[in-house]
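Q: Below are the sequence and a predicted model for it; my questions follow.
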Amino acid sequence: MTKQLDVIVVGAGPCGIAVGAAAEQAGLSCMLIEKGCISNSLVSYPYYMTFFSTTVMLEVGGVAFTIPNAKPTRREALAYYRRVVEHCGVDVRQYEKVEDISGQEGSFTVSTRRMTGTENTYRARAVIVATGSLHEPNHLSIPGDDLPKVRHYYHEPYPYYDQEVLVVGAGNSAVESALEMFRNGVRVTMAHFSGSIDRGVKPWVVPDITNRLDRGEIPMYWKHRVTEIRPSSVLLRHEETGEEAEIKNDFVLAMTGWRANHKNLEALGVQINPETGIPDYSQETMETNVPGIYIAGVVAAGHDANKIFIENGREHGRLIITDYLSKGSVR
């Protein structure tokens, strides 16, 4: 058991780092606990991804994000957030998983386990949960969903060269992975339960995917759902007519999104909306219905991760630390 800290942040993604930087700049004692590495969520992004936002909108902790281009790549963002941690002196405990959070405002206990199996216990006056939404993929929940050829993530096209690949979905991840694979010798097919690509797809990508679909270069099964995944094929069913189609298949990329794990929040008594997955919290302070427990980043968006990005989630740190200070809880 260590000395009591002012705040402990669970998660060291960009929004968690923003909280840590704000705490350090306010003179508070702070620790970030991360089950993976710093900016672990960005590590799972496609290797050659370019961000939608400009560098200015991704800056945290008052540290300039300076690169030649306006929009950074994944690699540049990873380097930047590591630099913020170093510059602001944020204490990050990597590869340490939070097993339990207990206590009440002013006196919380956080129990963790490292990769080595070592167990640690920390104390803090307030706890901020910034664990993002990439905990559990939205499974298709159909026969064959557990086959090894089914993937819920995409890094690069090369493993799929000269293969029959079905991309499920029509959001940013689905569209961009389909386009990159198409240009690298992959025989790509797409299926989507709706009749059009998602509204949130990056505007400069829309003409590209539209042209590929219109020309039949990437076959698209609009208003279709996958009903069964077989070793060498996939069964699709039309939403309106019920007509079924079986197509050849080597891999399925189910770009159907991910969802957050609210286990620790629920154990503390934080109320979670059963429909939206959004925790009960104040948008002015980011404090939940449990005093002393705050949330930051995408976890505040519930099931719709597209509502909160780094560019607006980065502001949560300032709101949280301002509220913490207003309570006169400093040391």
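A: In hand now; what should we look at? Predicted, not measured: the structure shown is a model, and the values here were computed from it.
Q: Between the two ends of stretch 30-43, what distance do you get?
A: Its start and end residues considered, stretch 30-43 measures 24 Å (Cα to Cα, to the nearest Å).
Q: Name the residues of it that are buried.
A: Counting neighbours by 16 or more other Cβ atoms under 10 Å, one finds that the buried residues in stretch 30-43 are 30-36, 38-42. The way it works is simple: take the backbone N, C-alpha and C, and place the C-beta from them, glycine included.
Q: can you check stretch 295-312 too?
A: Of the residues in stretch 295-312, 295-303, 305, 308-311 count as buried by neighbour count, 16+ other Cβ under 10 Å.
Q: go on, stretch 138-156?
A: For stretch 138-156, the neighbour count (16+ other Cβ under 10 Å) marks 140, 144-145, 149-152, 154 as buried.
Q: now stretch 263-283
A: By 16+ other Cβ under 10 Å, the buried positions in stretch 263-283 come out as 264-265, 268, 270, 272, 277-279, 281.
Q: Between the buried residues of stretch 295-312, which sits nearest Glu164?
A: Checking the buried residues of stretch 295-312 against Glu164 by Cβ to Cβ gives Ala305 as the nearest, at 29.0 Å.
Q: ok, back up a step: got JSON lines for the buried residues of stretch 138-156, with distance to Glu76 too?
A: Rendered in JSON lines, the data for the buried residues of stretch 138-156 read as follows (distance: Cβ to Cβ, whole Å):
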{"residue": "Leu140", "distance to Glu76": "34"}
{"residue": "Gly144", "distance to Glu76": "38"}
{"residue": "Asp145", "distance to Glu76": "35"}
{"residue": "Lys149", "distance to Glu76": "32"}
{"residue": "Val150", "distance to Glu76": "31"}
{"residue": "Arg151", "distance to Glu76": "25"}
{"residue": "His152", "distance to Glu76": "25"}
{"residue": "Tyr154", "distance to Glu76": "20"}
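Q: hang on, the earlier thing: which of the buried residues of stretch 30-43 has the weakest pLDDT?
A: The lowest pLDDT within those belongs to Ser41, which sits at 85.
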